[in-house]
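In: One predicted model, sequence on top.
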Amino acid sequence: MTPLQDNSLPKTERLSGTKAIERLMSDGRRGGTAHLRWCWVRRGDEGPNRIMVSVPKRLFKRAVLRNLLKRRLREAYRTQKGLLAVQGIDFLVSYSTPELLDSATIRLEMAELLGSISLKAERTGEEPQP
């Protein structure tokens with residue numbers, strides 16, 4: 001694999017589908033940092049990790065700003081997804097502050113988020129649910 005393929009974010013790594021999202025929201029474990037919240041759940045397979053990002057309209061009325069923040073969140077994940085040591089994780093990252101954060105701050109919090117999910121998934125030894 002070339003370095004570009006390792007740092008990509010293909011469609012297979014993006015969480016979609018009503019059933020998968022409903023399962024994540026009902027069975028997922030939650031956590032948060034100063035500016036981000038997350039919810040994660042382990043799937044039954046060992047496929048690639050899948051991410052979904054959200055920036056609420058109640059925090060940023062203008063779509064331009066919401067899209068900017070979603071791009072920053074996806075980019076922070078794309079460049080640091082190697083920090084997530086386990087496979088088969090679905091997770092949602094939600095922006096939870098009315099401040100417009102720069103990319104460096106989002107990147108630091110994404111690293112904290114990925115480390116936390118990885119640690120909890122390994123520590124619990126949770127069996128994947130079918």
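Out: Received it, and whenever you're ready, just let me know what you need. Numbers count the residues shown, from 1 in each chain.

In: residues contacting L69?
Out: Shown in contact with L69 (Cβ atoms under 8 Å, 6 or more residues apart in numbering): 55, 60, 95, 100-101, 106. C-beta here means a position set from N, CA and C on the backbone, and glycine is covered the same way.

In: pretty sure it belongs to a helix, no?
Out: Yes - the assignment for L69 by DSSP: H, G, I helix; E, B strand; the rest coil puts it in a helix.

In: Could you look up the next helix or strand downstream of the helix or strand of the chain with the lowest mean pLDDT?
Out: In the chain, no helix or strand scores lower on mean pLDDT, DSSP states H and E than helix 3-6, which sits at a mean of 50. For helix 3-6, the succeeding helix or strand toward the C-terminus, using DSSP states H and E, is helix 18-27.

In: buried stuff in that next one?
Out: L24 (16 or more other Cβ atoms under 10 Å).

In: repeat for stretch 37-46
Out: Within stretch 37-46, the residues that qualify as buried are 37-43, counting by 16+ other Cβ under 10 Å.

In: Take these and keep only those in strands.
Out: When strands are assigned by DSSP state E, the members of the buried residues of stretch 37-46 inside them are 37-42.

In: What is the most widely separated pair among these?
Out: Greatest spatial distance among these (Cβ to Cβ): R37 and R42, at 18.6 Å.

In: Look up how far L69 lies from L36.
Out: Relative to L69, L36 is positioned 10 Å away (Cβ to Cβ, to the nearest Å).

In: joint contacts of the two?
Out: Here L36 and L69 have 95, 106 as joint contacts, going by Cβ under 8 Å, 6+ apart.

In: longest helix of the chain?
Out: When the chain is parsed with DSSP state H, its longest helix is helix 103-124.

In: tell me which residues in that one are buried?
Out: Of the residues in helix 103-124, those buried (16+ other Cβ under 10 Å) are 106-111, 113-114, 117-118, 121.

In: Would you mind pulling the contact partners of stretch 107-118?
Out: Against stretch 107-118 from outside (Cβ under 8 Å, 6+ apart): 31, 33-36, 38, 40, 73, 76-77, 79-81, 83-86, 89, 91, 93.

In: ugh, wrong one, I meant stretch 43-51
Out: Against stretch 43-51 from outside (Cβ under 8 Å, 6+ apart): 9, 12-15, 20, 74, 77, 81, 84, 86-93, 128-130.
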